[in-house]
Each structure stands twice: as structure tokens, then as C-alpha cells.
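K.L.:
sequence? don't have it. structure:
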């Protein structure tokens, strides 16, 4: 069976107009689908409103106990339930999930090496039978980046990782998975200043060539490394693009060959 | 099939020791069960921390837009996900739900008469087939007092009402439902100062007598009116008591005869 796993990031969830368009797209999908959302900026805003200071190191949030409370409130409460309510309004039978719900995503607290990330969770297992069961009830899971360790501890987890691990687990469970990352560019760009320069498709071979010749650099490399890890683990395709590209069936399509 | 619907109020959810005991009790139940939680005090605390003033009229919260954001964060996020994670730790496969999730509880914004309650929701329908489907997957729903109107609007809803309507809907769906209200007294008391004076059982007839002779007064009357409405609509029993009473199979048992 086909399954789309759509990841929307902070740039969409923080922008009501973009969010509405993204939810229209998700609601328009005919086959089974799972939505994964992040939500960084709103959490920082609430942290500030509550008189605290967001702490980031290299773009990653340090999650102390008070921050964990706030991201749980914002991601699993405010954002997740508003997304679900908006999808219900579109006739899509969405069900919001944190990783604790039905043990959807088991994680472990990130070990302290150079940096203590606090209550940050690294994904250990995605509960594919559960997601399969919900999909078979006609439901569309909407996953927020809060997980748990099965010992009562909630953990703050990277939403890209959740999308990647979910896609991989569902592929291993027998689904033909299309993983779609909705980000701010029409695709992986040859030239960031030329909006027509999106690379239509990548394979491990062409990706290696583009890295070698310096076309693909910086933050795209971990994103594409993760994409090809998912493809290598059985995900049919990983598509990266902005909403307009994804809706048009464009963006950069990463496949095995 | 038997089903227990357990309602825990703010006095439990605000007290970590009491909450742990209540979750131990919920986890110890062998047959299918649904937990409904409220959560007033923590929301008021966050409202205050964010520099706002909680507004209550006659003990009922007035839910303006900012308050709705906060109760959604606290009830559906912080409290619900912590309860779910704690239950997972106890080996109970809990799944947290707002009314928006899978359209579990449809409500409508309370019409403005003398008082404008803002984004307060009156329950219109509980999705018994959905709850039945989740129970059949071996899951235990944990419901927070946030609902939706199917038009994208979240609504703040009384948790007692959610428990009552859920029990009634599940009874109509064929379950033998025991609805248990966990509150601060061992039961409905003949004499509030005498902890041994809990009334063991009530029927519509004996309830009418106790009201007529002034034994049952005040806030217990709407609670018991709701209990007997549920019993009249097919719920097998409504049990009212503190945690110790419920665990011991005591408390005040309200039945049809």
C-alpha cells in the first residue's frame, strides 16, 4: 500500500497562510498519509513570554526541565491540536500523536558528550504496527516532535528525524513510502540565487558527484545523507521542495537508482 | 463488554503523589478503560506566569482567545502527555485525545445568554465507534477537556461533562459502563464532618428522598443530577468517591434501582 509521510517545518507552522496551504495539500492526498510537524519559533516565543531565555547551541535547543514543559505545551498541545482541528475542518480524519501516545515513538535521552542537550530524545523505535492500525481505521496520524522513553519521561526530538524514522519503519512494515520534506526552496538548488535551478532527481551516485564538484554543500548535506539513509533502508523516494513544488509533483526526488 | 470510565479532577492532577496513585489504580484495571482528566489550577498558574489574569464567573472559566491557547497547551499538551507517559511507564497502552483528535468529541460554542463564556464548548456528540476501535486495538484513551466544533475551532469543555457524555455514548454503543468520579470525599456524605458517613448506594428514589430531607444539598445536586441522567441513559452505574474508596470498590454507587 502507498503511504505519504509529509514533514512541515517551522517556516510553515509559524505562518498561518502557509500552514493553511500545507494542510490543503495534505487533505488533498487520496492515499494514506502521515503528517509530521516541527514548531520551533512559537516555543521560543512562549519561553520568552514566560520570562525565560531560549538556549540554543549550533541551532539545537538545549532542553532543560522548564523548556521541556513549554515545548510539550506548544508542540503537543497548541500546534498539534490546532493542526488536527484544521484538518478535521477539511474532512480529514486526523489524530494527533506525541511519541508517548500509544507508544508511537520510543526514544532515549541523548547521552551527554561535549554538550548536555538536556531532555533531548534520540529515536529508538517507531511503532509501525500502531500507525498501520490507525491508518486502517481510516485515520491520519499527525505527529509532533515530543517522544518518551517508556519510563515516564517525555523528550524533545528533532522533527526531521521523526519523519525519517517513521518513513523507514513504515517501509519495513510493507508500505511503499514517499517521504516529502516541505522546506523553503523549490528543491535542492544548483544555484541558491536561481529559483529555476532545482535538481529534479538525485541518486546516491549523482549525489556523490554533486558533493564532489561543490554543487551541494553545507546544511543540505546532513539532510540528503538522512534522505539517502531512508532510501537505502527501503523508503521508495524522498522528495524535497517547497509547497508549490510538492503540490506540482516537482521538487528534488531522491531514489535508489 | 465491560468498560470503566474514570474521571480525575484538578485536586488529583495538581498533586503529584495523588496523581501517581490514581494512575496506579487506572493501570490496575483489567478490563477496557478510559481516563478523563481536568486540570484547572495549572492553567491558571501558566496564565499568571504569562502576565494575564484568569477570569472565572461562578467557578467557570471565561475562555478568551489567549486563555484558549493556554488551556490547549496545558490540558492537551503538558497534562495529557505527562499522564500518557506515566501510564506507558506502568505498561498501560494509553493514547491521549482531545476532542479534535479523530473527531473524538464534537462540541459547539456555548451560546451567549447572560454570560459570554467565550470559547467554551458544549458537547454535541462523542465518537463511540472511534473509542471502540481504539479499545479494540488494545489502547486506553486518555481524554482532556478540549473539544472542537468541526469547523477548525478548539473549545474548552467541562471535564465532568466529557466523562458523562463519553460513558453515555459508550453505553449506547453496547458497553456495560461503570462511570467513576474520583473527587475529594469518600462518597456522597450524609455529614461532611463525618468521614464514615458516605452513602453506599443511591437510586433515583432514595436520591429524591435525600434531597427532600436536606441531606444532599449544594454542589452535589448538579453532580448527582448528571449521574442519574447517565444512569437513565443506560450507564450501568456511576460511582462517586475518593481514590481509596474507588480502589476498595466503595464510594457512593448510583444505579437505576
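P.N.:
Arrived safely, thanks for sending. Everything numeric here is computed off the predicted structure, so don't read it as measured data. Numbers count the residues shown, from 1 in each chain, chains lettered A, B, ... in the order given.

K.L.:
tell me, how many neighbours does the one residue in the stretch 1-150 of chain A that gets nearest to chain B end up with?
P.N.:
Taking C-beta to the nearest C-beta, chain B has its nearest neighbour within the stretch 1-150 of chain A at residue A:77, 2.3 Å off. Where C-beta positions appear, they are placed from N, C-alpha and C, glycine not excepted. By other C-beta atoms under 10 Å in any protein chain shown, 32 other residues sit near residue A:77.

K.L.:
in terms of contact, does it touch residue B:82 like I think?
P.N.:
No - counting by C-beta atoms under 8 Å, residue A:77 does not reach residue B:82; the two are 11.2 Å apart.

K.L.:
related to what we said a few turns ago, secondary structure class for the residue of the stretch 1-150 of chain A closest to chain B?
P.N.:
Recorded secondary structure, residue A:77: helix (DSSP: H, G, I helix; E, B strand; the rest coil).

K.L.:
for it, what are its contacts?
P.N.:
Shown in contact with residue A:77 (C-beta atoms under 8 Å, 6 or more residues apart in numbering or on different chains): B:72-78, B:80-81.

K.L.:
same check, this time on residue A:131
P.N.:
A:34, A:104, A:141, A:166, A:169-170, A:173.

K.L.:
same thing but 7 Å
P.N.:
A:34, A:104, A:141, A:170 (C-beta atoms under 7 Å, 6 or more residues apart in numbering or on different chains).

K.L.:
so does stretch A:92-110 get close to chain B?
P.N.:
Yes - Stretch A:92-110 lies within reach of chain B by C-beta under 7 Å from any C-beta of the partner chain, at A:93, A:95-96, A:98, A:100-103.

K.L.:
Residue of the stretch 101-250 of chain A closest to chain B, please.
P.N.:
For the stretch 101-250 of chain A and chain B, the shortest gap (C-beta to the nearest C-beta) falls at residue A:152, measuring 3.7 Å.

K.L.:
That residue: neighbour count?
P.N.:
17.

K.L.:
number of nearby residues for the residue lying closest to it once chain neighbours are set aside?
P.N.:
Excluding its sequence neighbours, the residue lying closest to residue A:152 (C-beta to C-beta, 6 or more residues apart in numbering or on different chains) is residue B:89, at 3.7 Å. By other C-beta under 10 Å, 18 other residues sit near residue B:89.

K.L.:
Against residue A:156, how distant is residue B:89?
P.N.:
In this view, residue B:89 and residue A:156 are 18 Å apart by C-beta to C-beta, to the nearest Å.

K.L.:
do residue A:52 as well
P.N.:
Distance, residue A:52 to residue A:156, using C-beta to C-beta: 15 Å.

K.L.:
and if you look at residue A:147?
P.N.:
Between residue A:147 and residue A:156 the distance, using C-beta to C-beta, works out to 8 Å.

K.L.:
now swap in residue A:199 and tell me
P.N.:
Counting by C-beta to C-beta - residue A:199 and residue A:156 are separated by 32 Å.

K.L.:
Strands of chain A, start to end?
P.N.:
For chain A, applying DSSP state E gives strands covering A:2-8, A:33-37, A:56-57, A:60-61, A:94-97, A:105-109, A:121-126, A:140-143, A:146-148, A:154-156, A:176-182, A:201-202, A:237-241, A:252-254.

K.L.:
Make a markdown table from those and add mean neighbour count and mean pLDDT to it.
P.N.:
Listed next are the strands of chain A as a markdown table, based on neighbours: other C-beta atoms under 10 Å in any protein chain shown; pLDDT from 0 to 100:
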| stretch | mean neighbour count | mean pLDDT |
| --- | --- | --- |
| strand A:2-8 | 24 | 97 |
| strand A:33-37 | 26 | 98 |
| strand A:56-57 | 10 | 79 |
| strand A:60-61 | 18 | 73 |
| strand A:94-97 | 28 | 98 |
| strand A:105-109 | 22 | 98 |
| strand A:121-126 | 20 | 97 |
| strand A:140-143 | 26 | 98 |
| strand A:146-148 | 31 | 98 |
| strand A:154-156 | 28 | 97 |
| strand A:176-182 | 24 | 98 |
| strand A:201-202 | 19 | 98 |
| strand A:237-241 | 24 | 97 |
| strand A:252-254 | 23 | 98 |
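
K.L.:
In a markdown table: those strands, plus distance to residue B:214.
P.N.:
As requested, the strands of chain A are exported to a markdown table (distance: least, C-beta to C-beta, whole Å):
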| stretch | distance to residue B:214 |
| --- | --- |
| strand A:2-8 | 60 |
| strand A:33-37 | 55 |
| strand A:56-57 | 63 |
| strand A:60-61 | 59 |
| strand A:94-97 | 47 |
| strand A:105-109 | 55 |
| strand A:121-126 | 56 |
| strand A:140-143 | 52 |
| strand A:146-148 | 50 |
| strand A:154-156 | 48 |
| strand A:176-182 | 65 |
| strand A:201-202 | 80 |
| strand A:237-241 | 71 |
| strand A:252-254 | 75 |
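
K.L.:
Figure out which of these is closest to residue B:122.
P.N.:
Nearest to residue B:122, of all the strands of chain A, is strand A:94-97, at 22.3 Å by C-beta to C-beta.

K.L.:
Would you mind naming what in the stretch 51-200 of chain A lies close to chain B?
P.N.:
When proximity is defined by C-beta under 7 Å from any C-beta, the stretch 51-200 of chain A lies next to chain B at A:69, A:72-74, A:76-78, A:81-82, A:84-86, A:88-89, A:93, A:95-96, A:98, A:100-103, A:133, A:137, A:139, A:146, A:148, A:150-154.

K.L.:
Mind telling me the two of the contacts of residue A:131 farthest from one another?
P.N.:
A:104 and A:170 (11.9 Å).

K.L.:
looking at the sheet around residue A:3, what are its partners?
P.N.:
residue A:177 (DSSP bridges).

K.L.:
Next, the contact list for it, please.
P.N.:
Residue A:3 makes contact with A:32-34, A:170, A:175-177, according to C-beta under 7 Å, 6+ apart.

K.L.:
just to revisit the earlier point, list only buried entries from the residues of the stretch 51-200 of chain A next to chain B.
P.N.:
Of the members of these, the ones counted as buried by neighbours, 16 or more other C-beta atoms under 10 Å in any protein chain shown, are A:69, A:72-74, A:76-78, A:81-82, A:84-86, A:88-89, A:93, A:95-96, A:98, A:100-103, A:133, A:137, A:139, A:146, A:148, A:150, A:152-154.
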